[in-house]
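> Task: produce atomic coordinates for the following.
(2 chains)
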Amino acid sequence: AQKVTQAQTEISVVEKEDVTLDCVYETRDTTYYLFWYKQPPSGELVFLIRRNSFDEQNEISGRYSWNFQKSTSSFNFTITASQVVDSAVYFCALSRMDTGRRALTFGSGTRLQVQP
Amino acid sequence: ETGVTQSPTHLIKTRGQQVTLRCSSQSGHNTVSWYQQALGQGPQFIFQYYREEENGRGNFPPRFSGLQFPNYSSELNVNALELDDSALYLCASSLAMTGAHNEQFFGPGTRLTVL
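Numbers count the residues shown, from 1 in each chain, chains lettered A, B, ... in the order given. Alright, predicted model coming up:
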């Protein structure tokens, strides 16, 4: 069985602060994908990043960075110099790597509020 | 490139009724997945369709059923609606093939309210 835990239900920061969203996962698979999605108030899930389990390099994309640590089963997401437009619910998700069995298992989400 | 579209946007039904939700996949995608997102929770996988056949199912009862058409669009049908079926229903499309990554692109969702 797969499980994703996002222990932070809600985080509130002031604009320009850095913020890290935590994600811990459980899986018996040796190969898998990890994802982050953003859900703004409009409701549509926006894909942010996909990592596969054999690539533990950290990744940076503009103000976003991701820290994948297989040893602790964590895939944390950091927003540097947060902006009001970053306010949304963020979901971490996990899927198997087998073709045709790639249902996403989502965490419960972290609501990020960035105050001006 | 056209993204994932869903219809209707909102829907209100009463307990015991049946509902059909529709999804058009992103151009070039051959797989459609459906998710249920209750208020304040993460999306839960309902099922996935690949080449017009169900190709994986989550922990949902048989009254949740679906179809995928030759053009890869899809329908989600829910019979005998219950109050707990009130949720945002999300459709996601992806390209399933060996070696392909699994970015699933989501539509805007259908908000179903059961009274």
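> Need the residue closest to the centroid of chain B.
residue B:34 (2.8 Å; C-alpha atoms, centre = their mean).
> show me what contacts it?
Going by C-beta atoms under 8 Å, 6 or more residues apart in numbering or on different chains, residue B:34 touches B:23, B:45, B:46, B:47, B:48, B:66, B:74, B:76, B:89, B:90, B:91, B:92. Heads up, the C-betas are built off the backbone N, CA and C, glycines and all.
> any idea how far the second one is from residue B:36?
Noted for residue B:45: a distance of 8 Å to residue B:36, by C-beta to C-beta, to the nearest Å.
> Just list whatever residues bridge to residue A:68.
Under DSSP bridges, the beta-bridge partners of residue A:68 are residue A:75.
> so how many other residues sit close to the residue in chain A that chain B sits nearest to?
Nearest to chain B, among the residues of chain A, is residue A:106, at 3.5 Å (C-beta to the nearest C-beta). Residues lying near residue A:106 (other C-beta atoms under 10 Å in any protein chain shown) number 23.
> list the contacts for the nearest residue to it once chain neighbours are set aside?
Once flanking residues are discounted, residue A:106 sits nearest to residue B:42: 3.5 Å by C-beta to C-beta, 6 or more residues apart in numbering or on different chains. By C-beta under 8 Å, 6+ apart, the contact list for residue B:42 reads A:4, A:91, A:93, A:106, A:107, A:108, A:109.
> is the lowest-mean-pLDDT helix or strand in chain A anywhere near chain B?
Ranked by mean pLDDT, DSSP states H and E, the weakest helix or strand in chain A is strand A:59-61, scoring a mean of 84. No - using C-beta under 8 Å from any C-beta of the partner chain, strand A:59-61 stays clear of chain B, with a minimum separation of 14.2 Å.
> How about the residue nearest to the centre of chain B, nearest residue that isn't a chain neighbour?
Closest residue to residue B:34 apart from its sequence neighbours, by C-beta to C-beta, 6+ apart: residue B:46 at 4.3 Å.
> so is the one you found in a helix, a strand, or just coil?
strand (DSSP: H, G, I helix; E, B strand; the rest coil).
> Residue B:35 is in contact with that one, correct?
Yes - with contact defined as C-beta atoms under 8 Å, residue B:46 counts as touching residue B:35 (6.2 Å).
> Settle it for me: which of these two has more neighbours?
residue B:35 (26 against 23).
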